[in-house]
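Trainee: mind looking at a prediction? Sequence and model below.
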Amino acid sequence: MTTRLRLSECGLSAGKKARLHRILHKHGLGNGTALFLPYDQGLEHGPRDFFADPIAADPRYIIKLAVEGGFNGIAVQVGLAEKFFWDFAGEVPLVLKLNGKTDIPSDTRALSPLHASVEDAVRLGADAVGYTLYVGSPAQDADFAQYRTVRQDAQRLGMPLIVWAYPRGEAIEHKGGKDSFYAVHYAARTASELGADVVKVNFPHPEKQTDVPSPYTADFSSQEAIDAVVRAANRTMVLISGGSRAGDEAMLGKAQESMAAGATGLIFGRNVWQREHDESLRFVERLREILAKYPAP
Amino acid sequence: MTTRLRLSECGLSAGKKARLHRILHKHGLGNGTALFLPYDQGLEHGPRDFFADPIAADPRYIIKLAVEGGFNGIAVQVGLAEKFFWDFAGEVPLVLKLNGKTDIPSDTRALSPLHASVEDAVRLGADAVGYTLYVGSPAQDADFAQYRTVRQDAQRLGMPLIVWAYPRGEAIEHKGGKDSFYAVHYAARTASELGADVVKVNFPHPEKQTDVPSPYTADFSSQEAIDAVVRAANRTMVLISGGSRAGDEAMLGKAQESMAAGATGLIFGRNVWQREHDESLRFVERLREILAKYPAP
Amino acid sequence: MTTRLRLSECGLSAGKKARLHRILHKHGLGNGTALFLPYDQGLEHGPRDFFADPIAADPRYIIKLAVEGGFNGIAVQVGLAEKFFWDFAGEVPLVLKLNGKTDIPSDTRALSPLHASVEDAVRLGADAVGYTLYVGSPAQDADFAQYRTVRQDAQRLGMPLIVWAYPRGEAIEHKGGKDSFYAVHYAARTASELGADVVKVNFPHPEKQTDVPSPYTADFSSQEAIDAVVRAANRTMVLISGGSRAGDEAMLGKAQESMAAGATGLIFGRNVWQREHDESLRFVERLREILAKYPAP
Amino acid sequence: MTTRLRLSECGLSAGKKARLHRILHKHGLGNGTALFLPYDQGLEHGPRDFFADPIAADPRYIIKLAVEGGFNGIAVQVGLAEKFFWDFAGEVPLVLKLNGKTDIPSDTRALSPLHASVEDAVRLGADAVGYTLYVGSPAQDADFAQYRTVRQDAQRLGMPLIVWAYPRGEAIEHKGGKDSFYAVHYAARTASELGADVVKVNFPHPEKQTDVPSPYTADFSSQEAIDAVVRAANRTMVLISGGSRAGDEAMLGKAQESMAAGATGLIFGRNVWQREHDESLRFVERLREILAKYPAP
Amino acid sequence: MTTRLRLSECGLSAGKKARLHRILHKHGLGNGTALFLPYDQGLEHGPRDFFADPIAADPRYIIKLAVEGGFNGIAVQVGLAEKFFWDFAGEVPLVLKLNGKTDIPSDTRALSPLHASVEDAVRLGADAVGYTLYVGSPAQDADFAQYRTVRQDAQRLGMPLIVWAYPRGEAIEHKGGKDSFYAVHYAARTASELGADVVKVNFPHPEKQTDVPSPYTADFSSQEAIDAVVRAANRTMVLISGGSRAGDEAMLGKAQESMAAGATGLIFGRNVWQREHDESLRFVERLREILAKYPAP
């Protein structure tokens, strides 16, 4: 099992450390763990995600929920940040998502185009930026090129860089799909190799073995898989993504295993806000109970 | 039903607020609603749009019509702005359209190339800029890249950004087409997520359900659809496009439903100027009667 | 007597014409004349100007007064614009003053240093910029150098440039002082020669003849002097400054003579706001009665 | 019939007006009409165009011919301008062609790459620049992007911009070809919408109707077609291209119809210099007789 | 008496509001008041300030003291920030002082030269920048010029700007000196006019009347003077400087009067750290008791 990272051992500049300290120790439980609320589904999937709970279409409702729930940060695209963050500026850390796309065209050559900059994030008072890297996409040339500018700007401006490391594209589909242990393991390492300060991955599925290369065809428990994923990220902190809404006990189980593996925290969106308000907060409370058991050393 | 937005709650900078205040409260009815005259068809479709009413080929005639009809603004490409706006500068707000294209090549990978800048708009005394975003086009990488520069310049210079959010390209053709509720709903949200101050959409057609994803296959009235579109745009003001010329009563019905849904206004071109002069003004008068019923709070 | 200028004959670009049209025809009396409220005394003289009427120290009170009084614009420094203009953005035109100074150091080599840019003005939604040129100052080298950048930026961005043309410095003190016909006449011409769109001057005093050069030692009526000043400015519109508070009838007499001479308008600050609120508006009403008699042709 | 444009009603800046005044009123007939000599065929078609008249391969011969023939300007690529214009600098206006291409690759996705700048034109003492826009080409994204920089530089530097508006590419081939009334009409309008000061088009062929859209399938005389083309260009002056060498009477007929339609002039190359020297001048004389009948008002 | 400002009514951008919210509501008492520790005396006066308490020469000791004492921020020059802030990054807000000087040359033409940038502050994770403006100095030309770049960068990057507004130079020495009510009043207003978000002033001395202009020669209580100073700053928050070490009761009296006048907080350096460690913290506790009585509304 990987030991949880301390901020002081992550090779961070003063600016990155100051901002991550605020996120991890001045918000949420304040114990070095993190619970983020991602809210970019309106662009990534379209507003159909909000049909069941129409109030969730209102960014103000969601940011307020992040404040009420004691989240360590909220991740949104630049348009929502420009129009809604001011009201709550300083009350919950902002993670400005710098790229994104609609899911209308094919994902065969997936690329998430940049539509905002690290300087936008600084201007808006964000404490981190988010970048989606489609690991293994045939469009990785264009992806790495735009990622390079983001990483360099983040370095220059002391802004923590959170990489959404998502295996995607026709090649990964032919090698076990985007959720296999192989794919998630590779994605975590890729983010670390390319200089992410924090990496967001999906929970790995070691049972998805069709067409995956050796040694991922061996038997691994989910705990072994998530342990390996966190180790692969080394000094890059790991956040586990909730993904689309699933059963509560399953989600809490994944959260528990992730934190036991040394992850720094969780980033749960639809599993939180695709419910009625008070029920959302009750689910958040259960997540916080898990995080409380794993303070940073 | 969405409440109509006030300018003061849209998260606007002083420059954007000053310019939109001029458009919405110092022109037209002055009640916070808007009626825009778009005149970019000479580029987008070619001069064939003017054959039935040859006088409509004359930009001076059209800008004068906008002044006479009490429009809140006229949207033109840079060439017409350079040569014709001076005569009426200050009498009607200018919306400088920054990109555009001919309709000669295929729309499979639709992209509207940038041919003017926000600084051009400032220099010409425009009160807003317009950008066509082809939501869902396979060329969205290039689209988002050029859009980013426009959004950042508009933010830096306090210039309101009106996004023509048009679903387009081969993928949307396979998912219900450009006018479906699904497509228009997604387009409105995309503009909001990407930081438009105002979004121009076509009226949604909930009855177009072939190949659209769930839940858009359910039964929705047109009022329910336009309500949802305005809500999806949240703090981004919504303009409803007239599109190609259609029957007057149908157009007025759409206008009525749009304003009832909380839209800020209408942007009607061919339905206005593809008629004889006095008849144009009479039709405008009927649109103004609708707008008069929906003042901003 | 000079004929009043039309906007269309001032050699203006589209952007400058659009913005001046808004100022002169969409605000105030809307008849092509102008009444501006200058409010930079807090910097130029310090807050002692507000002691008699403490409410006048509040920028919000003053901007609201400009709206209530139907002014054509309010001229403030960047700090007050940043913090107070948003509330009234679009309701009264903003003239952003780009330079200014405290009156603590000596005026021997007067120079008003630049502390804001034309781009700041664009960003804030201003309709004009103001620049103080100390005509005849021994520091004119530095003055012209910083003026050059302002004029070029204003030209590039279509922003009207109002020059506060003030004779100042030890040399002018030895040649009749800053209010002589000689000095004001020279100042108006200097602004025109250097490319001002509008020039603000003090009312000339032809009776101040000590040490002034020929032919200013001849007898001129005040009407002859102000006629000559307006003519000297040719296609640059002229605003007459109120200066420090003086008797109402004297001020109204100057205003009357200035408008008769072909001036475009008045810029009165302390004479307006160094009184109780309702009395301010009554005095403004008397100024508007004069302006109403001199519409632009 | 469109009235011929006056320079003063074209919305031109001082610099553009000064340069076009020189071209139209200080050269040629000096009556506001224009006869240009284009000489870019060596790049566009290769030197095979000079085989029949080898002397025409000599740029010095051609520029001298332009001087002798009283042309209003000569249009060449930068290489010939650098090496040959000095000898005659000031004797005949220079139109520097900023882009061009060989005709060796396919025209399916036609694009004329930029190889010189507006600043090159200023440096060389040119009175205008020329840019080839391939209207309707699938490469219009790249075309508009490079055109934008040319238009903005020309605006900034007061340099008249002449657009060679040529329908081209696979899409136009499937819609009636490059010389149809539909294509030429659209091209003229496109140049106007995008900010050309002068547009050069081919003479339209209303009889080419295969696959053209409505209403171009109706019967139009060539006079009606050229009238419509000039009207479509509105305040953009129109030059009619001679194209490849054809019968003299046919060419003169086209010239006559074009001038009657309100075109500003003609731009004839191969029809002029693909003949013996004195015969060239005699043909030019006949063109001038036509121009003499159509002075600008 | 002026009401204490709320952050939401100061005309702040999202970034400035987020950072000031963190300073005022996430540190110190968290009630919207502020207690800052300035530690730039090593440059401004030299290390002689540390002779009495040698431990105070150690930046690490001082930053730790700021953390222990629950300060809302620590203000240091860039060298100390680079070398000492990392250890405590995120635990106490950093105010990066951008200019400074030795006190070795004469203050006749005082100017505090810029030695760091707003971008340095962003990179280091600072939550505000500090700039010393020598109000009334004969060097105000150079001062305003460098200040302009700081204000514009701070605006662009959403960084709060704290202006040390210090009357200084030979002119102010001839008009009552740097601590007079006249001088401090003017300084507070100047910072507001020039766009400071927060202004740091010395406590005004209305009894210093030698050579001060009218009306400052009248009798004012210290409470009346500090009330006027806070009012003069309008939407710019006011911090009162402790200055050189003085008697505790006198200092606490000033603090009390300042907070009663509507100041946002205190910035006390030598009065804090020119004592033994535990005594420092006890004095801080007494300051916090005062601040606790004046929460922001």
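Mentor: Alright, I've got the coordinates.
Trainee: quick check: residues of the stretch 51-200 of chain A near chain E?
Mentor: A:81-82, A:85-86, A:89-91, A:94, A:119, A:122-125, A:156-158 (CB under 8 Å from any CB of the partner chain). In this view, the C-beta of every residue, glycine as well, is placed from N, C-alpha and C.
Trainee: swap the cut-off to 6 Å and go again
Mentor: A:85, A:86, A:89, A:90, A:122, A:123, A:124, A:125, A:157, A:158 (CB under 6 Å from any CB of the partner chain).
Trainee: I'd like those as a markdown table, with neighbour count, distance to residue A:146 and secondary structure appended.
Mentor: Formatted as a markdown table, those follow (neighbours: other CB atoms under 10 Å in any protein chain shown; distance: CB to CB, whole Å; DSSP: H, G, I helix; E, B strand; the rest coil):
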| residue | neighbour count | distance to residue A:146 | secondary structure |
| --- | --- | --- | --- |
| A:85 | 27 | 24 | coil |
| A:86 | 18 | 28 | helix |
| A:89 | 26 | 28 | coil |
| A:90 | 24 | 30 | coil |
| A:122 | 26 | 18 | helix |
| A:123 | 25 | 20 | helix |
| A:124 | 23 | 20 | helix |
| A:125 | 30 | 24 | coil |
| A:157 | 22 | 17 | helix |
| A:158 | 25 | 20 | coil |
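Trainee: the host helix or strand of residue A:43 and chain B, are they touching?
Mentor: Taking DSSP states H and E as the criterion, residue A:43 maps to helix A:41-44. Yes. Helix A:41-44 comes into contact with chain B (CB under 6 Å from any CB), by way of A:42, A:43.
Trainee: packing partners for that helix?
Mentor: Secondary-structure packing of helix A:41-44 (3 or more CB pairs under 6 Å, 6 or more residues apart in numbering or on different chains; DSSP states H and E): helix B:181-193.
Trainee: which residue does the stretch 1-150 of chain A have closest to chain C?
Mentor: Of all residues in the stretch 1-150 of chain A, the one sitting closest to chain C is residue A:86 (11.9 Å; CB to the nearest CB).
Trainee: list the contacts for that residue?
Mentor: By CB atoms under 6 Å, 6 or more residues apart in numbering or on different chains, residue A:86 lies in contact with B:11, E:14.
Trainee: what of residue A:127?
Mentor: A:19, A:22, A:23, A:93.
Trainee: from those residues, which ones fall inside helices?
Mentor: Using DSSP state H, the members of the contacts of residue A:127 that fall in helices are A:19, A:22, A:23.
Trainee: now the buried members of the residues you listed.
Mentor: Among the ones in helices among the contacts of residue A:127, the ones that count as buried by 16 or more other CB atoms under 10 Å in any protein chain shown are A:19, A:22, A:23.
Trainee: show me which of the residues you listed neighbour chain D.
Mentor: Near chain D, by the rule CB under 6 Å from any CB, you find none of these.
Trainee: could you export those as CSV, including pLDDT?
Mentor: Formatted as CSV, these follow (pLDDT from 0 to 100):
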residue, pLDDT
A:19, 98
A:22, 97
A:23, 98
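Trainee: hmm, who's touching the helix holding residue A:43?
Mentor: So helix A:41-44 is contacted by A:49, A:77, A:100, B:189, B:190, B:193 (CB under 6 Å, 6+ apart).
Trainee: heading C-terminal from that helix, find the next helix or strand.
Mentor: Next element after helix A:41-44 (DSSP H and E): helix A:59-68.
Trainee: output the contacting helices and strands for the helix or strand just after that next one.
Mentor: Next in sequence after helix A:59-68, counting helices and strands by DSSP H and E, comes strand A:73-76. Applying 3+ CB pairs under 6 Å, 6+ apart, we find strand A:73-76 packed against strand A:34-38, strand A:94-97.
Trainee: can you list the residues of chain A near chain B?
Mentor: A:42-43, A:46-47, A:51, A:57, A:59, A:77-79, A:82-83, A:86, A:102, A:104-105, A:111, A:113, A:115.
Trainee: can you list the weak-confidence ranges in chain A?
Mentor: Residues of chain A that meet the criterion pLDDT under 70 lie in A:1-3.
Trainee: quick one: the helices in it?
Mentor: With DSSP H as the criterion, chain A has helices spanning A:14-25, A:41-44, A:59-68, A:78-84, A:118-124, A:140-157, A:170-173, A:181-193, A:222-233, A:248-260, A:270-273, A:277-292.
Trainee: what's near enough to touch residue A:277?
Mentor: Residue A:277 neighbours (CB under 6 Å, 6+ apart): none.
Trainee: relative to residue A:79, how far out is it?
Mentor: 24 Å (CB to CB, to the nearest Å).
Trainee: equivalent analysis for residue A:191, please.
Mentor: Remark: distance between residue A:191 and residue A:79 (CB to CB) = 26 Å.
Trainee: please apply the same query to residue A:21.
Mentor: Taking CB to CB as the measure, residue A:21 falls 28 Å from residue A:79.
Trainee: looking at these two, which has the bigger crowd around it?
Mentor: residue A:79 (29 against 20; other CB atoms under 10 Å in any protein chain shown).
Trainee: show me what contacts that one?
Mentor: Residue A:79 neighbours (CB under 6 Å, 6+ apart): B:192, B:193, B:194, B:195.
Trainee: ok, residue A:66 next?
Mentor: A:37, A:74, A:92.
Trainee: just those now: which is nearest chain D?
Mentor: Closest approach to chain D among these (CB to the nearest CB): residue A:74, at 35.9 Å.
Trainee: I'd guessed that closest one sits against residue A:35; true?
Mentor: No. Between residue A:74 and residue A:35 there is no contact under CB atoms under 6 Å: 10.5 Å.
Trainee: okay, now the residue nearest to residue A:137 when sequence neighbours are not counted: neighbour count?
Mentor: Spatial nearest neighbour of residue A:137, excluding adjacent residues (CB to CB, 6 or more residues apart in numbering or on different chains): residue A:169 at 3.5 Å. Residue A:169: 23 surrounding residues under other CB under 10 Å.
Trainee: any idea how far residue A:169 is from chain E?
Mentor: 35 Å (CB to the nearest CB, to the nearest Å).
Trainee: dump the residue contacts of that residue.
Mentor: A:110, A:136, A:137, A:138.
Trainee: does the third one really touch residue A:108, like I thought?
Mentor: No. Look at residue A:137 against residue A:108 with CB under 6 Å: they stay out of range, at 8.8 Å.
Trainee: name the residue in the two with the higher neighbour count.
Mentor: residue A:137 (23 against 13).
Trainee: so what's the more buried one up against?
Mentor: Applying CB under 6 Å, 6+ apart, one finds that residue A:137 lies in contact with A:110, A:168, A:169.
Trainee: recalculate using a threshold of 10 Å.
Mentor: A:107-112, A:143, A:166-172 (CB atoms under 10 Å, 6 or more residues apart in numbering or on different chains).
Trainee: residues touching whichever residue of the stretch 151-297 of chain A sits closest to chain E, list them.
Mentor: The minimum distance from the stretch 151-297 of chain A to chain E, using CB to the nearest CB, falls at residue A:158 (4.4 Å). Neighbouring residues of residue A:158 by CB under 10 Å, 6+ apart: A:12-19, A:118, A:122, E:89, E:119-126.
Trainee: swap in residue A:183?
Mentor: A:135-136, A:165-168, A:172-173, A:175-177, A:201-202, A:204-205, A:208, A:212, A:216.
Trainee: follow-up on the earlier one: and the helix holding residue A:43, how far out from the chain's middle?
Mentor: Chain-centre distance of helix A:41-44: 15 Å, with CA atoms, centre = their mean, to the nearest Å.
Trainee: ok, stretch A:129-148 next?
Mentor: That offset, for stretch A:129-148, works out to 15 Å (CA atoms, centre = their mean).
Trainee: for it, measure first residue to last.
Mentor: End-to-end distance for stretch A:129-148, by CA to CA, to the nearest Å: 14 Å.
Trainee: can you mark which positions in that stretch are buried?
Mentor: Across stretch A:129-148, burial judged by 16+ other CB under 10 Å covers A:129-140, A:142-143, A:146-147.
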